[in-house]
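S.K.: predicted structure and sequence below. I'll ask about it afterward.
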Amino acid sequence: MDGAHAPGMVPLDLNALGAAYYTGNCRKWVCAPKGSAFLHVRRDRQKGVHPLVVSHGANSPRSDRSPFRLEFDWTGTADPTAFLTVPEAIRYMGSLLPGGWPALMAHNRRTALAARDRLAAALGVPAPAPDSMIGSLAALPVPAGFFPAALPRTRDPLQAALFDRHRLELPVFTWPALSCRLLRVSAQLYNSAADYERLAAALGALGAVGRPAGS
């Protein structure tokens, strides 16, 4: 299961989840350095999973750890710095609000919902998912003709214009199954309502490019 965004965005209990395989990223909502992530393999599946780089753990005589841990924990030439920062990142992020991690996740979700509603109004589209499905990020469909669309395998012109003209960085994806593009926003503690107001204003300015004259 690809759970890249879940750690730090929603409560995550891998034992309750029961997934055979799960991978999550700690550089997103936990704010650890790039390269800090984890792979969870349920105990009954660990025997068949090995790292791409086979190192001394494969024939280690140690018996204080499982073969799975011995193979994955230390592969010799890998730099573990990013992983070693994760406990401190968890501690630090959890200290930013009086309520700890639950308060931080709730704050980010409220901000994401408010941003979604503001941007839906700017794009002239309804919210595409119920509030119960939103964590700390939200995607919105870009109306057809709102701004020139991307050619295959090229950077989306709307994404490029938002950055080049307004210095706003956010992803715009092509979604072939729905024949549309999606604009995605994220909310972390350092974001404010003013950030999304600025984005809404930029979308209003750029949206005029795709509207017929006099509309």
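M.R.: Everything's here; your move.

S.K.: helices of the protein, start to end?
M.R.: Here the chain has its helices, by DSSP state H, at 14-17, 67-72, 81-84, 86-94, 100-123, 157-166, 193-207.

S.K.: what about L17, how many residues nearby?
M.R.: 13 (other CB atoms under 10 Å). Yep, even glycine has a C-beta here, placed from its N, CA and C like the rest.

S.K.: about what we covered before: can you put the helices of the chain in CSV and add distance to P176?
M.R.: Shown next, in CSV, are the helices of the chain (distance: least, CB to CB, whole Å):
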stretch, distance to P176
helix 14-17, 30
helix 67-72, 36
helix 81-84, 34
helix 86-94, 36
helix 100-123, 20
helix 157-166, 17
helix 193-207, 23
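
S.K.: wait, which of those helices is closest to P61?
M.R.: Nearest to P61 among the helices of the chain is helix 67-72 (9.7 Å), distances taken as CB to CB.

S.K.: outside of the closest one, which residues touch it?
M.R.: If you take CB atoms under 8 Å, 6 or more residues apart in numbering as the criterion, helix 67-72 is touched by 39, 41, 46-47, 49-51, 54-55, 57-58, 60, 62.

S.K.: out of those, which is most surrounded?
M.R.: G57 (20 neighbours).

S.K.: from S66, how far off is that residue?
M.R.: 10 Å (CB to CB, to the nearest Å).

S.K.: where does the prediction get shaky in this structure?
M.R.: Applying pLDDT under 70 to the chain picks out residues 1-2, 150-153, 208-215.

S.K.: quick one, domains of it?
M.R.: Domain segmentation of the chain under automatic domain parsing yields 14-94, 100-207.

S.K.: what about the first one, how long is it end to end?
M.R.: Pointing back at domain 14-94 there. One end of domain 14-94 sits 20 Å from the other (CA to CA, to the nearest Å).

S.K.: now stretch 93-109
M.R.: 15 Å.

S.K.: and the contacts of it?
M.R.: With contacts defined as CB under 8 Å, 6+ apart, stretch 93-109 is touched by 8-11, 29-31, 134-136, 187-189.

S.K.: change it to 6 Å
M.R.: Contacting residues not belonging to stretch 93-109 are listed as C31, G135, S136, A187, L189 [CB atoms under 6 Å, 6 or more residues apart in numbering].
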